[in-house]
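Undergrad: A structural model of the following input is requested.
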Amino acid sequence: MPLTTVRLGDADGELAAALAALRAELDVTAAFPAEVEAEARTAAADATLPDADLLDVPFFTIDPAGSLDLDQAMHLERTDDGYRVRYAIADVPAFVRPGGAIDAEARSRGQTLYLPDGRIPLHPLVISEEAASLLPGQVRGAYVWTFELDREGRQTAISLGRARIRSTERLDYETVQSSIDAGTAPESLALLKEIGLVLIQRERDRGGASLGRPEQEVRDVGGRYELIRRHPLPAEDWNAQISVLTGMAAARIMIEGRVGILRTMPPPSEESISWFRRRAAALGTPWPATVEYGEYLRTLDPDDPRQLAIMHAAASLFRGAGYTVFEGDVPENSVQSAVGAPYAHTTAPLRRLVDRFVLVVCDALANGRSIPAWARTALPELPPIMAASDAVAGRADHAAVSAVEAAVLSSRVGEEFDATVIAASNGTAQIQLVDPAVTASCDGDLEAGAVITARLVTADIATGTVRFTAKKS
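TA: Residues are numbered from 1 along each chain as shown. The predicted structure is shown next:
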């Protein structure tokens with residue numbers, strides 16, 4: 001439920017100006033060069049569909065409400081031995097000519113950016129929201145992963161191939177959660193919970209972890225911004241487990257083929273683990289030595305201020321993610337430590353550049369074909385492109401949320417707010433307000449996990465600066 005709203009153009013247009021300035025600073029635009037749009041229209045009109053036909057399989061999509069760039073569709077069914085998962089990924093390579101205008105522009109962007117005043121898409125909308133998107137009722141080409149799982153979620157068979165599919169329904173997380181909770185979901189959808197929970201147990205077994213802390217979001221609803229703090233729904237975790245399953249399969253195929261690009265993250269250092277254990281103990285919920293950190297994080301309650309502070313401190317264990325290219329020898333550090341296994345990005349090609357190449361590489365390896373030269377030679381170029389894109393995305397998200405937070409609070413300087421201290425050091429803290437959904441800096445000698453009253457001293461929209469001072473008791 002939205003906690004606070006602010007209309008675009010409030011505060012004498014400062015918010016609109018700040019967001020426009022952010023786009024200029026980042027040098028990003030939703031518009032595409034004319035030659036890119038022209039190539040996209042031609043590609044959309046001329047794209048050929050795969051010969052294989054899975055049109056009789058009732059796939060469905062699950063995405064945030066209102067999404068049109070639909071990368072994934074799934075179909076779930078029970079088998080005598082466990083489960084069959086079909087996961088269809090948008091056939092973006094069919095629309096992007098290697099070395100063409102779309103390809104070059106996508107490399108310059110790296111990924112879709114999400115800003116309060118609109119998205120900066122990776123591909124022109126005629127592709128990302130129309131011709132390649134797995135929209136309901138439309139025949140689309142897709143890379144279809146098929147997983148045979150036993151009752152414990154172990155993979156007994158994997159296949160990958162291009163096929164024609166047709167999604168039958170576009171669902172959002174809230175609808176999925178409510179229908180599963182109410183017991184009204186059809187079996188293919190109801191199985192999302194059953195399979196998701198089985199895969200979560202597999203994640204526990206391999207020492208993987210999901211942080212799962214509350215998320216801060218800015219939504220534009222008809223020109224009115226909603227600043228929201230929300231807890232991820234269980235259905236989002238179940239859905240994410242299908243994506244993780246696919247990413248691990250892609251990594252396995254590339255490792256066996258001895259060529260590819262992995263999404264890697266080193267395990268936490270002994271120093272960071274030791275520090276985190278001390279923080280958890282000081283905040284009243286020690287991390288038992290016999291419990292994997294992923295399992296421990298799942299026990300934390302974000303509604304408890306002190307445990308919320310532990311969740312924020314846990315971010316220190318999730319650092320150093322990047323992309324690792326290999327050909328020949330498999331890299332020594334091939335694991336994504338939060339997943340607890342080798343992993344690759346492959347399920348979001350409409351929104352992330354690297355996924356398009358992983359799909360093509362995996363399809364070739366899985367089916368005994370040579371990897372296209374354009375894909376193989378591009379692999380070493382992808383890590384710096386994605387690193388630069390990730391940096392821009394991080395800056396954009398932080399600056400946009402900060403500007404909206406400042407706009408929400410700009411007329412309330414001098415007021416006092418209830419807040420939780422989520423981190424503190426050397427006389428400065430990060431606090432999370434109860435209402436509105438703002439996270440900001442606060443001056444004062446504070447302790448993480450404390451519940452305080454803070455007075456707002458600065459809310460500058462142009463710089464996105466919000467600062468509080470702790471009320472003295």
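
Undergrad: and stretch 371-380, what's buried?
TA: Neighbour counts using 16 or more other CB atoms under 10 Å place 371-372, 375-376, 378-379 of stretch 371-380 among the buried residues. C-beta coordinates here come from the backbone N, C-alpha and C atoms, glycine included.

Undergrad: from these, which is closest to Arg306?
TA: The closest of these to Arg306 turns out to be Leu379 (CB to CB; 45.1 Å).

Undergrad: pretty sure that closest one contacts Phe357?
TA: Yes - here Leu379 reaches Phe357: they are 6.6 Å apart, a contact under CB atoms under 8 Å.

Undergrad: and Glu148, helix, strand or coil?
TA: Using DSSP: H, G, I helix; E, B strand; the rest coil, the structure places Glu148 in strand.

Undergrad: wait, it sits on Arg154?
TA: No - judged on CB under 8 Å, Glu148 makes no contact with Arg154 at a distance of 9.7 Å.

Undergrad: and these two? which has more neighbours close in?
TA: Shown here are Glu148 and Arg154; by other CB atoms under 10 Å, Glu148 has more neighbours (16 against 12).

Undergrad: hang on, Pro383 in a helix?
TA: Yes - counting by three-state DSSP, Pro383 is located in a helix.

Undergrad: shared neighbours, Leu379 and Phe357?
TA: By CB atoms under 8 Å, 6 or more residues apart in numbering, Leu379 and Phe357 have these common neighbours: Ile261.

Undergrad: flag the shaky bits of the protein, pLDDT-wise.
TA: Within the chain, the segments meeting pLDDT under 70 span 1-12, 222-223, 473.

Undergrad: outline the domain layout of it.
TA: The chain resolves into domains spanning 4-257+321-404, 270-316, 412-470 when parsed by automatic domain parsing.

Undergrad: now the end-to-end length of the shortest one.
TA: The one in question is domain 270-316. Domain 270-316 has an end-to-end distance of 12 Å (CA to CA, to the nearest Å).

Undergrad: the last one now?
TA: Using CA to CA, the gap from the first to the last residue of domain 412-470 comes to 16 Å.

Undergrad: contacting residues around Arg252?
TA: Neighbouring residues of Arg252 by CB under 8 Å, 6+ apart: 158, 342.

Undergrad: now with 7 Å, please.
TA: By CB atoms under 7 Å, 6 or more residues apart in numbering, the contact set of Arg252 is Pro342.

Undergrad: what comes up buried for stretch 305-312?
TA: Quick answer for stretch 305-312 (16+ other CB under 10 Å): 305-312.

Undergrad: go on, stretch 168-184?
TA: Counting neighbours by 16+ other CB under 10 Å, one finds that the buried residues in stretch 168-184 are 170-171, 173, 175-177, 179-180.

Undergrad: any chance of CSV for the buried residues of stretch 305-312, columns secondary structure and distance to Thr428?
TA: Compiled in CSV, the buried residues of stretch 305-312 are given as follows (DSSP: H, G, I helix; E, B strand; the rest coil; distance: CB to CB, whole Å):
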residue, secondary structure, distance to Thr428
Pro305, helix, 18
Arg306, helix, 19
Gln307, helix, 22
Leu308, helix, 18
Ala309, helix, 15
Ile310, helix, 19
Met311, helix, 20
His312, helix, 15
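
Undergrad: need those in a markdown table (columns: distance to Ala20).
TA: A markdown table is the format used below for the buried residues of stretch 305-312 (distance: CB to CB, whole Å):
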| residue | distance to Ala20 |
| --- | --- |
| Pro305 | 37 |
| Arg306 | 40 |
| Gln307 | 39 |
| Leu308 | 34 |
| Ala309 | 36 |
| Ile310 | 39 |
| Met311 | 34 |
| His312 | 31 |
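
Undergrad: I'm done for today, thanks for sticking with me.
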